[in-house]
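Colleague: Give me a 3D structure for the following:
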Amino acid sequence: MIASGPRRAPRRGLLRALLAAALAFAVAPVALALAAAAARPAFAAGPARPLSQSLTGAAKQDYDTGKLLASDGDYAGAALKFQSAYDQSHDARLLWNVAFCEKQLRHYARVLALLHRFEAEGGSLLTAKDRHDARELASALQPFTTTVKIAVNEDGAEVFVDDERVGASPLAAPIVVDIGTHRFRATKPGFLDAASTSSIGGGVDLPIALKLERDVHEGRIVVHAPPGATIVLDEAPAGVERSDRVVASGGHQLRVEAPGMRAYRTEVVVGDRETRSLEVMLERLPDAELPRLRVAVGCVDPSPRSTADGLTVYVDGAANAAAPVETRAQKDFDRKRDVVAWVAFPITIGAHVVEVRAPGCSPAQLSVTVADERGANVAGTLAPQPEPLSGGTAGSPDGLRLAAGGWLGTLAVHDLFGDLFGGSLDRIPARPRDLGLAAAGATMEGGWTHRWATVAAQASAAWASTTGTTAAVTLEPGPIATFGSRSTATSIAFYRAGVRAGPRLPLGVAALSAGVAGAVGVETVAGRGGSGSTHTGVVGSVWAALDVKPLCDWTTTLGVQDDLAAATSNRAVGGMLLVGFEPNARCRHGGSTRYELQWGHP
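Modeller: Numbering: from 1, shown residues only. Here you go, the predicted model:
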């Protein structure tokens, strides 16, 4: 109801009639309460002056405007004007006018709050009757309201009911609202607004939960790529084949790469809380556009081989050799011709196992990492391919052989007795023959040694001696034999020059050989008494030897030799131990050459 001037009976009756008409559209219980409350003016009795007299200035203007609006049925506008008058004058009686307008607008919870403030702030301006009417009206409106308990997960959030602020979380008490549908909202800087709409039918302290989420400016990028493809987001690895990343809102650089494929590059713009999903397909690169593996590899020697020389390259265990895309030549001024600098093969970015092969050499493998489009370089020398049996130092001689050593054996003398006594004792019926004498001497040889055969010229000298007597029986004429003895103390020297030859079987650092030998021999037999003889003749022998060659150019030979036929008066059987010089350039080269492959970036 609208407060006016002094209380007069005729005006009170008129106001009562106006109020009764206005409440005809309200609910029945509330109409009875308001009819009783409307029987009094909106200002207190007693010494307090009416609002029309106590208000001044802008407050008085807003108050008068509110009355006109209320009388015209514009209760929302009237409530604003009465509220403005209150804000300027702080006269609690104006709260009754605001409550009247809110009642007409069916904002019962607001009416209850205004009535509570009306009593609390009215003080001496209100009579006992004013307070009684306010309580009576509040009691009548109570069934049309309820209480809700609003819980917010973040403290310090502003809480609103139907866009009207009701406090900051946590709320100290439940909030009174009208029955019906209401929108609850909570806001806080740095968080997204939390809102909920609920239909309230009744009850007490109905729970309303509002969950605030941080207002982060981010989204999500989901990428699906081909098998084995690497996903890079903003120059950082993001996964293989699939990536699901939360990123800041805005533009992001995406790159998808796979070996042998053209890299996919794009910018992905993501909005707040947006999810961008991309299905990436890659295009295969032609060989001409792939990075290059430049191979400068020699076989036995460091000079790089070309594919024309049989060089082949296999990548990652492929069954077929890689096809070369370029061969680069360089000038060799010493040989006055162009030689191979390197051969290039296509390769993809990433880690690879490269195998290089060349005829006559052992293949070699190397792990190579190609970082970018520049490719990689492979250089080095392949080791010679080992040959069955013939590999090693004994199987690769240069040919020349020079050796010297000693000889130790036995001389089987055919007729030492005859050599000493010149046949003067022919009457001895049984001459001692084939006496075995220990002999020792020196030998040297020079010749040619092949992997499978050897030929050497030999020269040797040996000496032997013996002391003692040989029993002799002299047959004189007569019946009685004469017995006696003859001294066989003597020294023997023999000299030979000839050739030995035969096949050879190399076994790594050793070799077995055997064959025949022929020589011209000269021997001298000298007795103590000055008797003796000299023989010259041809000797045929068989021999066998074991060559051990742990070093490149030096060998040790242990051999045996037996004279099968001799035109001289003795036959030699013995062994020899030689130390020889056999140059081996291949062995020396292998020792000075680093047989391995290395790789590097261009």
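Colleague: Strands of the stretch 51-200 of the chain, residue ranges please.
Modeller: With strands called from DSSP state E, counting those that start in this stretch, the stretch 51-200 of the chain shows them at 145-152, 158-161, 164-168, 175-178, 180-187, 191-192, 194-200.
Colleague: Between those strands, which one is closest to Ser303.
Modeller: In terms of C-beta to C-beta, the element of the strands of the stretch 51-200 of the chain nearest to Ser303 is strand 191-192, at 73.2 Å. All C-beta spots, glycine's among them, are computed from the backbone N, C-alpha and C.
Colleague: Mind listing the strands the closest one pairs with, and their directions?
Modeller: strand 213-214 (antiparallel) (DSSP bridges).
Colleague: Now find how far off-centre the strand it pairs with is within its chain.
Modeller: 38 Å (C-alpha atoms, centre = their mean, to the nearest Å).
Colleague: doesn't Asp155 make contact with Pro170?
Modeller: Yes. Using C-beta atoms under 8 Å, Pro170 is in contact with Asp155, at 6.1 Å.
Colleague: Compare these two (neighbour count), which wins?
Modeller: Using other C-beta atoms under 10 Å, the more surrounded residue of Pro170 and Asp155 is Pro170, with 13 against 9.
Colleague: Hmm, Pro503 and Val455 touching each other?
Modeller: No. The pair Val455 / Pro503 is not scored as a contact, 10.8 Å apart, by C-beta under 8 Å.
Colleague: Could you pull up the contacting residues of Tyr595?
Modeller: 364, 380-383 (C-beta atoms under 8 Å, 6 or more residues apart in numbering).
Colleague: Same question for Asp398.
Modeller: 582-585 are the contacts of Asp398 under C-beta under 8 Å, 6+ apart.
Colleague: hmm, try it at 10 Å
Modeller: 448-450, 552-553, 582-588 (C-beta atoms under 10 Å, 6 or more residues apart in numbering).
Colleague: Of the residues you listed, keep whichever come out buried.
Modeller: Neighbour counting by 16 or more other C-beta atoms under 10 Å classes 449, 552-553, 582, 584, 587 among the contacts of Asp398 as buried.
Colleague: quick one on the thing from earlier: could you identify the most distant pair in the contacts of Tyr595?
Modeller: Top of the distance list for these (C-beta to C-beta): Gly380 and Ala383, 10.0 Å.
Colleague: Need the overlap of contacts for those two.
Modeller: 364, 593-596.
Colleague: pLDDT below threshold where in the stretch 501-602 of the chain?
Modeller: Within the stretch 501-602 of the chain, the segments meeting pLDDT under 70 span 528-531.
Colleague: cool, and the stretch 301-450 of the chain?
Modeller: 415-435.
Colleague: try the stretch 1-150 of the chain
Modeller: 1-48.
Colleague: Looking at the contacts of Tyr595, which are in strands?
Modeller: The strands, defined by DSSP state E, take in 364, 380-382 from those.
Colleague: CA atoms of stretch 585-601 as PDB?
Modeller: Taking Å, rounded to 0.1, in the frame of the first residue of the first chain, the C-alpha atoms of stretch 585-601 are listed here in PDB:
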ATOM      1  CA  ALA A 585     103.100 -57.300 -48.300                       C
ATOM      2  CA  ARG A 586      99.400 -58.400 -47.800                       C
ATOM      3  CA  CYS A 587     100.100 -59.200 -44.200                       C
ATOM      4  CA  ARG A 588     101.900 -55.900 -43.600                       C
ATOM      5  CA  HIS A 589      99.200 -54.000 -45.400                       C
ATOM      6  CA  GLY A 590      96.500 -55.700 -43.300                       C
ATOM      7  CA  GLY A 591      98.300 -54.800 -40.100                       C
ATOM      8  CA  SER A 592      98.600 -51.100 -41.100                       C
ATOM      9  CA  THR A 593      95.100 -50.800 -42.500                       C
ATOM     10  CA  ARG A 594      92.100 -50.200 -40.200                       C
ATOM     11  CA  TYR A 595      89.500 -52.600 -41.400                       C
ATOM     12  CA  GLU A 596      86.300 -51.000 -40.200                       C
ATOM     13  CA  LEU A 597      83.400 -48.700 -41.200                       C
ATOM     14  CA  GLN A 598      82.700 -45.400 -39.700                       C
ATOM     15  CA  TRP A 599      79.800 -42.900 -40.300                       C
ATOM     16  CA  GLY A 600      79.200 -39.300 -39.700                       C
ATOM     17  CA  HIS A 601      77.000 -36.300 -40.600                       C
END
